[in-house]
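*Asks:* Have a look; sequence and predicted model below, questions after that.
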Amino acid sequence: MIAPEHYEYLLFGTKTCGSCGTPLPANRDFFQPSTCAGGLTSNCRACRAKSSRESYERRRDKRRAQMREYNATRRVRA
Ligand SMILES: [Zn+2]
């Protein structure tokens, strides 16, 4: 008897996330569809969500810093 959670691994094969290294069933529940080899992205959904949130926050911080700099420059010139 095979545990139900192993069916997906057998059915789709295992794909190891390129970011966290966790072996997951290679299907669209765990990896986003992609045009690259295998038809799925190399990082799992959890890692992609995490990295996109981090890059969003990085962008936001950078933008804040730029605004601070911009405002400081304006204050000096005014
Ligand atoms: Zn991952």
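*Replies:* Here it is on my side, so go on.
*Asks:* which parts of this protein sit against the ion?
*Replies:* Cys17, Ser19, Cys20, Cys44, Cys47 (CB under 5 Å from the ion). C-betas here are computed from N, CA, C, even on glycine.
*Asks:* Can you flag which of those belong to strands?
*Replies:* Cys44 (DSSP state E).
*Asks:* ok, and the closest non-adjacent residue to the residue most central in space within the chain?
*Replies:* Residue closest to the average C-alpha location in the chain (CA atoms, centre = their mean): Arg48, at 1.2 Å. In space, Arg48 comes closest to Gln32 once its chain neighbours are excluded; the distance is 6.1 Å by CB to CB, 6 or more residues apart in numbering.
*Asks:* Based on its surroundings, how many neighbours for the one you found?
*Replies:* Close neighbours of Gln32, defined as other CB atoms under 10 Å, add up to 13.
*Asks:* Could you report the neighbour count for the residue nearest to Asn27 when sequence neighbours are not counted?
*Replies:* Computed as CB to CB, 6+ apart, the closest residue to Asn27 that is not its neighbour in sequence is Phe12, at 4.3 Å. Neighbour count of Phe12, defined by other CB under 10 Å: 17.
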